[in-house]
Structures are given as structure tokens and as C-alpha cells.
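S.K.: can you look at this prediction? I've put the sequence above it.
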Amino acid sequence: MASWLNQLFGTKESAADMDGGVAMDFFRRTFLKALPVMFAVSIVTVGVDPANLFRGSSYERGIATYLAQGRNVAAIGNHDDRLVQSYLTAKLGASPEVVVLGSSRAMQIRRNVAGGRGLLNASVSEAALEDLEAIAQLYLQLDPQPREVIVSVDPWDLQETGWLIGWKTLSTERDRILAQMGRDSGGHWTDRWQALLRYGQALSPSYFQESARRLMRALVDESAPRSAYFATDQTEFDDKPVKLADGSLVYDAAMRRLSVEAADRSALEYGVKWRDRIDGVSRLEPERQAEFEDFVDYLLGGGVKVTMYLGPYHPTTYAYFLRERNLRVGGEVEDYLRSMATARNIEVLGSYDPARAGVGPEDFFDAQHVRESGVAKIFSQGGGR
């Protein structure tokens, strides 16, 4: 401790060489030096608050209220879509027949492409395995439970994703389902102190780093604060996105009207950007595999049908990595997922490989996000949904 303080604040005294009074004075002076840094860190973390641990939730509660009423919601600004899921499930009397779990790569899965059944898309932005577990718990606690869960699996779900922290909003739900799966939740006695421990994140180095990244992104992109949303019967607008009543997303006109050429350029830029780090996206981590298998087995054991969805990458992106890195994006991951699914008689829709998924360049917004047209092709080829 003293060594760390010496390095951080340039103090030369050794606490081990001090008597009680001198040591207390040393730590007092060191603490006073640290206060400005601690204050600056807490200002950034609490002000940006990427996991919404500190700010109010009336914004998300209002969105959930409209969705629970079966209304579309337009012009939603920066918000915590995990909180929306929490409030939405609290307002639902029963679970939808089918629930979609995934990231933004699954947000184009709509009720109409899934055969018109009672589907709700509960995907959230920048999702990790922790999100899939926590949001599943929200719907599993309803009565009746969902009959089917469509799990959209991204390659990074089977790796440690410490940079994705949004799931912490639902850490209690995640701990609960882990315990029911027979896995150590890491909570135990700390659960009762969770509200207090949450405020410790104000000085957490990892939370500060994520907050700083979000702040820089907002400054560069000139992101607007939360906008005033409204319920609507319209499904699309020129200047604003719409979250449909089934939970899926309709982008604004600028995004919807992107040309095939523009999507192709974006896909290539993505490939160049991630060229030297993409290899990791295709690797498996045994502990994450085991946790994912336990999660799937828990759903199946509870009588819930599981369908796996693999969102494809843009053909240009996929071809780029094959050419430049001799790499199938998500190759080892997909091979494992298909083998695991076969062993459990789980249907797999789509593929990280766009050719195998049956989609073309015209079916993409960018490198990773498939248009509704592509999702429709994938579902039509996967059993006539």
C-alpha cells in the first residue's frame, strides 16, 4: 500500500519505518493529495455513468410503459435498454411466447419474420453473455414462462468481455440465474450490500475507463442528450428511429437508405480497423463455453425451447479476413456452436458466413448489422418460420 502511494504521489517515506503518529500524518497527507484525483474520477464516472448505476430511471420506465401497452416508441435518445427490459417485464402479466436475446446485431428480428407469433425482441446494445443470462432471468420469472428463447450468439460471447459492462445494471438478475444454474454467482453475503457497493463504482478504475471512453465518443460524435420520445402508430420516420412494440428497431431514413456501395465501404473500413485483432474473435475460452452450455441446458431443463441465431458478417468483411488473415470470422466459435446445438437437438438459424446464411451485400447496413431483408431470408431458410 505504502509503495503504491509512494509511486503515485512521490512520497519518499516508508510507512514501515514510521511510528504511529508519523504514519498517521503520512497517510493523512497522502489522502489529501489523492482527493482531487478521486473527485475528478468520480465526476466522470457518475456524470457519464455508462451502466446507469447512479442516475434516475424515469426515462426508461416511460419507454417500458408504452411498450407494455403495445405501442411503438419513436425518438428514443441515449438510454439504458437493460433498464427498459427490467421495467417492461415488471409490467407484463405473462411472458411473450417467444423472446429474442442478443445484441444490436439481432435487433432486426421482428415478429412478422418469425411467423407472426407472439415474439418480443429483448436484445440490447453491446450485449455479452452476462446480458443473455440476466435478461433471460427477467422473463423466466414470469408466469407463464416463454415457450421459446431465440439466443443470438456473437463470437465474443464465448470470451471474457471485461470491456462490456452494461450488464451490471442487471447484476442481481444475473447472479440469481447463475445460482439456479448451479454456478457460483460471486454475490453471497455481498448481495445485501449491493446498493452500497454500487457507489464504489464511482472510484472503480475499469468503470472510469469505460466512462472516459463514452465521454470522448460523445464529444467526438457530438451526441445529443436524451431526446423526448413519444408513442406512435407509425413504424418509421425520416429523422428518428422507432422501437416497435415487438422490441425490434427501425432505423431513421439516413440509415435505411444507405446504398449497397456505402455499406460495402463501411464493411471494408471495419475489416481494416480490426485486421490485427480479429483473430481473437474466432477463439474459444473454455470457462465461457462451460458457462454458455450451463445456460442453454438450464433453459432446456426448464422446458423452454432454444433456437440459436448466428448473425452473419458483411460479405466484404468476411472475404477481407479470409484474404488478409486466412481466417473465417467466428470459424472455431461457429463450429463449436453447431456441434453443441446438434448434441442438444437445437435448431441453428444463420451463420457468421454470409454465403452459408444465404444473404448478400444488399442485406446489410454495415459490417455487422443485417437488414430486415436478410433476417427474413435467414428465417425462411430455417424451417419456414
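M.R.: Now that the structure is in, tell me what you want to look at.
S.K.: look up how far residue 106 lies from the residue nearest the centre of the chain.
M.R.: Nearest to the mean C-alpha position of the chain, by C-alpha atoms, centre = their mean, lies residue 127 at 1.4 Å. Here residue 127 is placed at a distance of 8 Å from residue 106 (C-beta to C-beta, to the nearest Å). All C-beta atoms are positioned from the backbone trio N, CA, C, and that covers glycine.
S.K.: re earlier: so what does the residue nearest to the residue nearest to the centre of the chain when sequence neighbours are not counted look like in phi/psi?
M.R.: Spatial nearest neighbour of residue 127, excluding adjacent residues (C-beta to C-beta, 6 or more residues apart in numbering): residue 103 at 3.8 Å. When quoted as degrees, to the nearest 10, the phi and psi of residue 103 stand at phi -100, psi -170.
S.K.: number of residues surrounding residue 103?
M.R.: For residue 103, the neighbour count with other C-beta atoms under 10 Å is 23.
S.K.: before we move on, what about residue 24?
M.R.: 12.
S.K.: coming back round to it: I figured the residue nearest to residue 127 hits residue 123, correct?
M.R.: Yes - between residue 103 and residue 123 there is a contact at 6.1 Å, judged by C-beta atoms under 8 Å.
S.K.: which residues are contacting the host helix or strand of residue 60?
M.R.: Secondary structure assigned from DSSP states H and E places residue 60 in helix 58-68. With C-beta atoms under 8 Å, 6 or more residues apart in numbering as the test, helix 58-68 has contacts from 52, 72-73, 76, 79-81, 83-88, 90-92, 226, 229, 231, 243, 245, 247.
S.K.: ok, which stretches of the stretch 151-300 of the chain are strands?
M.R.: 230-232, 242-243, 249-250 (DSSP state E, counting those that start in this stretch).
S.K.: would you mind measuring from the closest residue in space to residue 338 that isn't next to it in sequence to residue 309?
M.R.: Leaving aside its sequence neighbours, residue 338 sits nearest to residue 348 (C-beta to C-beta, 6+ apart; 5.8 Å). Look at residue 348 and residue 309: by C-beta to C-beta, they are 8 Å apart.
S.K.: what's the answer for residue 107, then?
M.R.: Distance of residue 107 to residue 309, computed by C-beta to C-beta: 12 Å.
S.K.: and what of residue 140?
M.R.: Distance from residue 140 to residue 309, by C-beta to C-beta: 19 Å.
S.K.: with residue 169 instead?
M.R.: 23 Å.
S.K.: average pLDDT across stretch 161-180?
M.R.: The average pLDDT within stretch 161-180 is 90.
S.K.: buried ones in that stretch?
M.R.: 161, 164-171, 173-178 (16 or more other C-beta atoms under 10 Å).
S.K.: CA atoms only for it, dumped as CSV, please.
M.R.: This file holds the C-alpha atoms of stretch 161-180, laid out as CSV (Å, rounded to 0.1, in the frame of the first residue of the first chain):
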residue,chain,number,x,y,z
THR,A,161,-15.6,-9.3,-22.3
GLY,A,162,-14.5,-7.1,-19.4
TRP,A,163,-14.9,-4.0,-21.6
LEU,A,164,-18.7,-4.7,-21.9
ILE,A,165,-20.1,-3.5,-18.6
GLY,A,166,-23.7,-2.6,-19.5
TRP,A,167,-24.9,-5.9,-17.9
LYS,A,168,-24.1,-4.6,-14.5
THR,A,169,-27.4,-2.8,-14.5
LEU,A,170,-28.9,-6.3,-14.1
SER,A,171,-26.2,-7.9,-12.0
THR,A,172,-28.8,-9.1,-9.4
GLU,A,173,-30.7,-11.0,-12.1
ARG,A,174,-27.5,-12.4,-13.5
ASP,A,175,-26.4,-13.6,-10.0
ARG,A,176,-29.8,-15.2,-9.5
ILE,A,177,-29.8,-17.2,-12.7
LEU,A,178,-26.2,-18.3,-12.1
ALA,A,179,-27.1,-19.6,-8.7
GLN,A,180,-30.1,-21.5,-10.2
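S.K.: any idea how far the residue lying closest to residue 124 once chain neighbours are set aside lies from residue 127?
M.R.: Nearest in space to residue 124, with sequence neighbours left out and distances taken as C-beta to C-beta, 6+ apart, is residue 81 at 4.4 Å. Residue 81 is 9 Å from residue 127, where distance means C-beta to C-beta.
S.K.: just residue 161 next, same as before
M.R.: Separation of residue 161 from residue 127 (C-beta to C-beta): 9 Å.
S.K.: who touches the residue nearest to residue 124 in this structure?
M.R.: Going by C-beta under 8 Å, 6+ apart, residue 81 touches 60, 124, 125.
S.K.: what's the separation between the first one and residue 107?
M.R.: Shown here: residue 60 relative to residue 107, a distance of 17 Å by C-beta to C-beta.
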